[in-house]
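K.L.:
sharing a model that was predicted from the sequence below.
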Amino acid sequence: MTKPVWIKHAAQLATLASEMKGPRSKEAMGELSLIEDGSLWIEDGVIEAVGTTREIEKLYKAKVNDAEVVDASEHLVTPGLIDPHTHIVFGGSRAQEFEMRLEGASYMDIMNAGGGIHATTRMTREASEEELLEQTLSRLDSFLKHGVTTVEGKSGYGMNLETELKQLRVMKNLKDKHAVDIVPTFMGAHSVPVEYKGREDEFVDHIINDMLPVVAEEKLAEFNDVFCEKDVYTPEQSERILEAGKKYGLTPKIHADEIVPYGGAELAAKVGAISAEHLLKASDEGIKAMAKAGTIACLLPATALYLREEAAKGRKMIDEGVPVAISTDCNPGSSPTTSMPLVMNLACISMRMTPAEALTAATYNAACAIKREEQVGSLEVGKQADVVLWNVTNYQELQYLFGVNHVHSVWKKGTLAWSNGLQN
Ligand code: NIG
Ligand code: FE
């Protein structure tokens, strides 16, 4: 049996505890359940008690001498961050395209000319499973160093059965190889592969008839995502794919209204998607429909910045009752970053979310977007002890001092998984 861990004297402990079930919206997104001089008691990787240091000391008097004690008096302590939308498994780099875009080429022009997602697809098809695994491991290291303890990961750089399965198997094989957990999503409909150009419906049939059954049979994914966008998949094609996935128990997600308004938000509400992603150009009706259906808006302000587009209307969505989560969208084209702290900063700066809302969006609501809120996303009794100590003393400082990695140390399932080596 491992020693209990006692994290004590936290300058501020943001537990995000609540009686409420399900994703948070409106005022609830701003409530962090803060404890000054906070304390966590952890046994066997699970949170046994949460309270003030005095309360916990009293409760565990008989055990404190046997515990590993962590002094958090200089630190804000939060749940491990959760990234609910990444394309973490990919081959190659698109640094050249970055330069092309800076010179004026658009993201969609590059993709329609065979670059973009198609370029990464070629490089991912060429990469071996071992190479992809090694590269993904090092990306997970980087996520961990930025305070992330769980990520969602999508396939979609295969767009043929063999490579889609290769990507998903990489994620499966990473289980137990890294502290950061990966939750897998199938995204065969990430684009229309060049060999199917002009035969989009045939590729939709191929996904439905030949890919989804194998993914489900091998239990390689929990979610099913599509890029519903002009010149990619229409809302009708997207709906077919998502409805087919539902029959195999895969929960829908949608890359929606990223480049042009296209009815993606409305479709997300209609098919009962757990989340709709991007939403830069979501219509007012779409936002209303999502609020009514309880669809989580997974907003990606680093992607908007990187594409030099105006960010999604996060403030409006929250005010209208849409639960908001945020994510890096980590991918080699539109958002090559693993920094969730930067994404929290941008949620405040570009979408006028409050510092508290940004933290909720990166923890509890992010957990809801990948159906992990029973295990992670808040610091409550019975939950997994995924915890971050920050080199700031309160959550406002965390969002205010932007573009800096404030992570001091990261605990995954009650074990120290990363420490920046500094004393405080
Ligand atoms: O979420 N928009 C579509 N898919 C990704 C980008 C993938 C890529 O460019 O490689 C996104 O931004
Ligand atoms: Fe994405």
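P.N.:
Nice, I can see it. Note that the structure is a prediction, hence the values are computed from the model and not measured. Ligands and ions are numbered 1, 2, ... in the order given.

K.L.:
and the stretch 101-250 of the chain, which residues reach ligand 1?
P.N.:
In this structure, the stretch 101-250 of the chain approaches ligand 1 at residues 116-117, 120, 227, judged by Cβ under 6 Å from any ligand atom. C-beta here means a position set from N, CA and C on the backbone, and glycine is covered the same way.

K.L.:
now secondary structure too, for the residues you listed, in TSV please.
P.N.:
Supplementary listing: these in TSV, determined by DSSP: H, G, I helix; E, B strand; the rest coil:
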residue	secondary structure
116	coil
117	helix
120	helix
227	strand
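
K.L.:
and the furthest pair within those?
P.N.:
120 and 227 (13.2 Å; Cβ to Cβ).

K.L.:
which residues does residue 36 contact?
P.N.:
The neighbours of residue 36, taking Cβ atoms under 8 Å, 6 or more residues apart in numbering as the test, are 11-13, 52.

K.L.:
from residue 23, how far out is whichever residue of the chain sits closest to ligand 1?
P.N.:
Here the chain gets closest to ligand 1 at one residue, residue 333, 2.5 Å apart by Cβ to the nearest ligand atom. Plainly put, residue 333 is 28 Å away from residue 23 if you go by Cβ to Cβ, to the nearest Å.

K.L.:
who has more neighbours, the two?
P.N.:
Comparing residue 333 with residue 23 by other Cβ atoms under 10 Å, the one with more neighbours is residue 23, at 27 against 24.

K.L.:
low-confidence bits of the protein, can you list those?
P.N.:
By pLDDT under 70, the low-scoring segments of the chain are 422-424.

K.L.:
quick one: the strands in the stretch 301-424 of the chain?
P.N.:
324-326, 387-390, 407-412, 415-419 (DSSP state E, counting those that start in this stretch).

K.L.:
could you list the paired strands of the last one along with their orientation?
P.N.:
Strand 415-419 has the following strand partners under DSSP bridges: strand 407-412 (antiparallel).

K.L.:
now what about the strand it pairs with, what contacts it?
P.N.:
5, 7, 42, 75, 80, 144-147, 149, 179-180, 341, 385-391, 416-420, 422, 424.

K.L.:
what about 7 Å?
P.N.:
Strand 407-412 is touched from outside by 75, 80, 144-147, 149, 179, 385-391, 416-420, 422, with contacts defined as Cβ atoms under 7 Å, 6 or more residues apart in numbering.

K.L.:
how far does stretch 331-343 sit from the chain's center?
P.N.:
Between the mean C-alpha point of stretch 331-343 and the mean C-alpha point of its chain there is a distance of 11 Å (Cα atoms, centre = their mean, to the nearest Å).

K.L.:
first-to-last residue distance for it?
P.N.:
In terms of Cα to Cα, to the nearest Å, the two terminal residues of stretch 331-343 are separated by 14 Å.

K.L.:
and the nearest residue to residue 190 once chain neighbours are set aside, how far from residue 45?
P.N.:
By the measure of Cβ to Cβ, 6 or more residues apart in numbering, the closest residue to residue 190 outside its immediate chain neighbours is residue 156, 3.1 Å from it. As defined by Cβ to Cβ, residue 156 lies at a distance of 32 Å from residue 45.
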